[in-house]
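# Need coordinates for the below:
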Amino acid sequence: MAGTGTVARAGFFIAVVVLAVVVGTAAMGGGSQSAPDVAQLNAASFNSDEAVATPADESGDLSMSADASGKVVVVDIAHAGDIDREALTPLVSTLTENGATVRYHVGERQNGRPLNESLRSADAFVVLGAEQRYTESQLNGLAAFSDAGGRVLLLNEPSQASPAGLGLLSPVASDSVTKPMAPLASQYGLAYGNGYLYNMHEYDTNYRNVYATPTSDTALTEGVDRAVFYAAVPVEGGDAVVTATEQTTLSQTRRQDTYGVVARSGNVVAVGDTNVLTQEFLYRADNERLVGNLLDFLVTGEKSPADAPQTADSGDSRPGGALPGAGTGGGDVPAPAPEPAPEPDSTPTPEPTETSTPDE
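Presented below is the predicted three-dimensional model:
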């Protein structure tokens, strides 16, 4: 009897388990929710067949059509942390071969000139992703400089970002642009958007290497059919000269649009990438034609009066410490040949010390 009871209980347990499985299966099949079909997961945005990597051609030579004789181009390295000067060799060489003088502005705290003093003898000024703030006096000086006919070229990228650590700044990626560029660009009616641009449908070897095309035929786009930008941020305001191709997306909003990457506002041009100037990416697609046009832009202004701006600096905001190759004499650092130090001001005025605390 005991054995018979045990068998009966075991049979009852098995029956309950089987019934539970059957009921559970029926509930899953008859409910309003169902397991997603594999086909539903194969959306076009995730379909590798929809993404096309088209490596850009590497050819051409960097050249200028304008005569740069007697022109002085100043590259600001006082407000940027880690500019790779060697990467700028093609730019510097092309300008000097065409008669221009290229100088690096190292800033007062590196035993150099105040910025506004450097601008008085300059015809063009280049800013590469500033990481230190400009003082109000310096911003006023730059406004006076461009109003007098001086040319300004602003280049920016995601803060300390480069897709492979090959840009002019350090290789730590970020979604935000360098904030000290904001007040500088805004006084010319220009702005850099936050985030970086990417294109999952057509790109040059990496989805962040976006293609861009001219919006119209201008001096800045002559000979340019398609350019490539490697760590790009959108440029807003002014007249868009070059825009990213369709289906380009902004990381901050995930919205697709034809974002501007080169824009002009009078004597100022803003570019949403610093890599296009470097030897690594200069000869991809039509980048060398675009950069050649930018160099022509720098040396074709007519600055008048020659001594603008006349406002005094209130000091640079870069912390102390020597830059490699910055030299020890006063004045800007020439590229590539050294120049004599300028005569010191006979009546120097003490200036308040600024902190180098980054923008919030």
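# Compute the distance between residue 76 and residue 186, please.
Computed as Cβ to Cβ, to the nearest Å, the residue 76 to residue 186 distance reads 17 Å. In this view, the C-beta of every residue, glycine as well, is placed from N, C-alpha and C.
# try residue 215
For residue 215 relative to residue 186 (Cβ to Cβ), the value is 22 Å.
# With neighbour numbers in mind, choose between the two.
residue 215 (16 against 13; other Cβ atoms under 10 Å).
# so the more buried one makes contact with residue 240?
Yes - if you go by Cβ atoms under 8 Å, residue 215 and residue 240 touch, sitting 5.4 Å apart.
# where does this protein have low pLDDT?
The chain contains residues with pLDDT under 70 at 1-59, 81, 109-111, 159-178, 306-307, 311-331, 336-360.
# Quick one: the strands in the stretch 201-350 of the chain, in order.
202-203, 210-214, 227-229, 235-237, 239-244, 248-250, 256-257, 260-265, 268-271, 333-335 (DSSP state E, counting those that start in this stretch).
# What are the buried residues along the fourth one?
Neighbour-count burial for strand 235-237, counted by 16 or more other Cβ atoms under 10 Å, picks out 235, 236, 237.
# Might one say that the last one is in contact with residue 189?
The one in question is residue 237. Yes - in this structure, residue 237 is within contact of residue 189 by Cβ under 8 Å, at 4.8 Å.
# which residues do these two both contact?
Counting by Cβ atoms under 8 Å, 6 or more residues apart in numbering, the common neighbours of residue 237 and residue 189 are residue 265.
# which of the residues in stretch 280-298 are buried?
Across stretch 280-298, burial judged by 16+ other Cβ under 10 Å covers 280-298.
# which residues touch the closest residue to residue 197 other than its chain neighbours?
Once flanking residues are discounted, residue 197 sits nearest to residue 232: 4.5 Å by Cβ to Cβ, 6 or more residues apart in numbering. By Cβ under 8 Å, 6+ apart, the residues touching residue 232 are 157, 196, 197, 208, 210, 212, 244, 261, 272, 273.
# Just the buried residues of those residues.
Counted by 16+ other Cβ under 10 Å, those give 157, 196, 197, 208, 210, 212, 244, 261, 272, 273 as buried.
# Report the separation between the residue lying closest to the first one once chain neighbours are set aside and residue 274.
The one in question is residue 157. In space, and not counting its chain neighbours, residue 157 is closest to residue 231: 4.5 Å by Cβ to Cβ, 6+ apart. Here the criterion is Cβ to Cβ. By it, residue 231 lies 7 Å from residue 274.
# and the gap between the residue nearest to residue 197 and residue 286?
16 Å.
# How about residue 277?
Distance from residue 277 to residue 286, by Cβ to Cβ: 14 Å.
# what do you get for residue 200?
Residue 200 is 23 Å from residue 286, by Cβ to Cβ.
# Now render the buried ones among the contacts of residue 232 as CSV, adding distance to residue 72.
As requested, the buried ones among the contacts of residue 232 are exported to CSV (distance: Cβ to Cβ, whole Å):
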residue, distance to residue 72
157, 26
196, 34
197, 33
208, 35
210, 34
212, 30
244, 33
261, 28
272, 26
273, 25
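# Could you single out the nearest of those residues to residue 89?
Residue 89 has its nearest neighbour among these in residue 273, at 18.2 Å by Cβ to Cβ.
# All the helices of the stretch 251-360 of the chain, residue numbers only.
Ranges of helices in the stretch 251-360 of the chain, per DSSP state H, counting those that start in this stretch, are 287-299.
# Okay, and the beta partners of residue 269?
residue 153, residue 264 (DSSP bridges).
# That one contacts residue 262, correct?
Yes - counting by Cβ under 8 Å, residue 269 does reach residue 262; the two are 6.8 Å apart.
# which neighbours do these two share?
Residues touching both residue 269 and residue 262 by Cβ under 8 Å, 6+ apart: 220, 241.
# So between those two, which is more surrounded?
Comparing residue 269 with residue 262 by neighbour count (other Cβ under 10 Å), the higher total belongs to residue 262, at 30 against 25.
# ok, for the more buried one, nearest residue in space, not its chain neighbours?
Using Cβ to Cβ, 6+ apart, the closest residue to residue 262 is residue 242 (3.9 Å).
# ok, that neighbour touching residue 228?
No - the pair residue 242 / residue 228 is not scored as a contact, 11.0 Å apart, by Cβ under 8 Å.
# Overlap in contacts, those two.
Common neighbours of residue 242 and residue 228 (criterion: Cβ under 8 Å, 6+ apart): residue 212.
# tell me which residues in stretch 72-87 are buried?
Neighbour-count burial for stretch 72-87 [16+ other Cβ under 10 Å]: 72-81, 83-85, 87.
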